[in-house]
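Participant: with the sequence up front, the predicted model follows.
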Amino acid sequence: MDRYGRPVDRVDPPHSARVRLSGADAARLRARTVLSTDGPRRFGYVGPREIWHAAEDAPEGRVVRGADDFREWAADREPEEWAEPFTYVVDEDGFLRLAARRSEHVACAGRAGVRAAGEIAFGRDGDGWEVVEVSNQSTGYCPDPDCWPSVAAALDRAGIPRPARFTHEIVFRRCTGCAELNIVREEHYVCAFCGEDLPGAARLRDVS
């Protein structure tokens with residue numbers, strides 16, 4: 001891996017690096033090939049360093065390991081809190097974590113890696129609650145839409161009725177030329193800041 005032109009053995013969040021693959025199998029890779037490790041996909045923090053450092057002293061999100069945890073968390077919410085989406089992550093153990101909307105995802109996750117992150121809104125479902133909106137909108141972790149199975153599993157574990165997929169999907173790509181973060185719209189993989197081509201669907205997993 002190269003970081004700022006220097007070879008490195010590993011990269012810790014919130015840093016990133018360019019990875020060169022070699023060997024016989026590397027020749028078979030094509031544009032938009034998805035590379036992954038065994039098990040659920042993990043996303044490391046890729047946002048601003050100052051937010052990463054500030055998150056050290058910020059409260060973590062409430063861990064929801066099951067239906068009782070969610071009912072307890074919901075009972076603690078003030079009525080006005082339900083008017084806007086909440087911040088959520090799915091932590092490295094596969095559990096849902098919830099925090100107020102204006103909370104940073106990296107703080108919600110306790111500065112750890114995540115399986116998914118975004119915003120989530122709930123509506124009444126009889127005597128309980130259901131998910132009415134859920135996205136992968138997190139510029140701190142930039143999770144790809146294929147993290148949905150981790151979100152679905154965490155919501156099912158918490159006993160919360162949910163949609164069949166994200167209600168709002170976002171594709172993030174960081175330009176390898178100017179390093180600006182882009183949101184890809186209508187499969188247009190071109191940097192809005194410098195006009196360079198953006199990486200396609202291939203995205204290296206954070207395995208630090």
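Facilitator: Happy to help now that I have it.
Participant: next SSE after the helix or strand harbouring Pro149?
Facilitator: Using DSSP states H and E, Pro149 sits in helix 148-157. As assigned by DSSP H and E, the chain's next helix or strand after helix 148-157 is strand 171-174.
Participant: just the buried positions in the longest strand along the chain, please.
Facilitator: Secondary structure of the chain per DSSP state E: the longest strand is strand 114-125. Using 16 or more other C-beta atoms under 10 Å as the burial criterion, the residues of strand 114-125 that qualify are Val114, Arg115, Ala116, Ala117, Gly118, Glu119, Ile120, Ala121, Phe122. Backbone N, C-alpha and C define where each C-beta goes, glycine included.
Participant: one more: stretch 173-180?
Facilitator: Neighbour-count burial for stretch 173-180 [16+ other C-beta under 10 Å]: Arg173, Arg174, Cys175.
Participant: which residue packs closest to the last one, ignoring adjacent ones?
Facilitator: Across the structure, with C-beta to C-beta, 6 or more residues apart in numbering as the measure, the residue nearest Cys175 apart from its sequence neighbours is Cys191 (4.0 Å).
Participant: return the residues in contact with the one you found.
Facilitator: Contact criterion C-beta atoms under 8 Å, 6 or more residues apart in numbering gives Cys175, Gly177, Cys178, Glu180, Asn182, Asp197, Leu198 as the residues in contact with Cys191.
Participant: in CSV: those, plus distance to Arg42.
Facilitator: Below are the contacts of Cys191 laid out as CSV (distance: C-beta to C-beta, whole Å):
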residue, distance to Arg42
Cys175, 23
Gly177, 26
Cys178, 26
Glu180, 24
Asn182, 22
Asp197, 26
Leu198, 22
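Participant: between those residues, which is closest to Leu155?
Facilitator: Ranked by distance to Leu155 (C-beta to C-beta), the contacts of Cys191 are led by Asn182 at 28.5 Å.
Participant: the closest one bridge partners, please.
Facilitator: Beta bridges link Asn182 to Arg173, judged by DSSP bridges.
Participant: which residues of this structure score low on pLDDT?
Facilitator: Applying pLDDT under 70 to the chain flags residues 1-18, 23-38, 201-208.
Participant: give me the number of residues near Arg41?
Facilitator: 20 (other C-beta atoms under 10 Å).
Participant: spit out the contact partners of Ser135.
Facilitator: By C-beta under 8 Å, 6+ apart, the neighbours of Ser135 are Gly118, Glu119, Ile120, Phe166, Thr167, His168, Glu169, Ile170.
Participant: okay, those residues in a markdown table with distance to Ile160 next?
Facilitator: Converted to a markdown table, those look like this (distance: C-beta to C-beta, whole Å):
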| residue | distance to Ile160 |
| --- | --- |
| Gly118 | 15 |
| Glu119 | 15 |
| Ile120 | 9 |
| Phe166 | 15 |
| Thr167 | 14 |
| His168 | 18 |
| Glu169 | 20 |
| Ile170 | 22 |
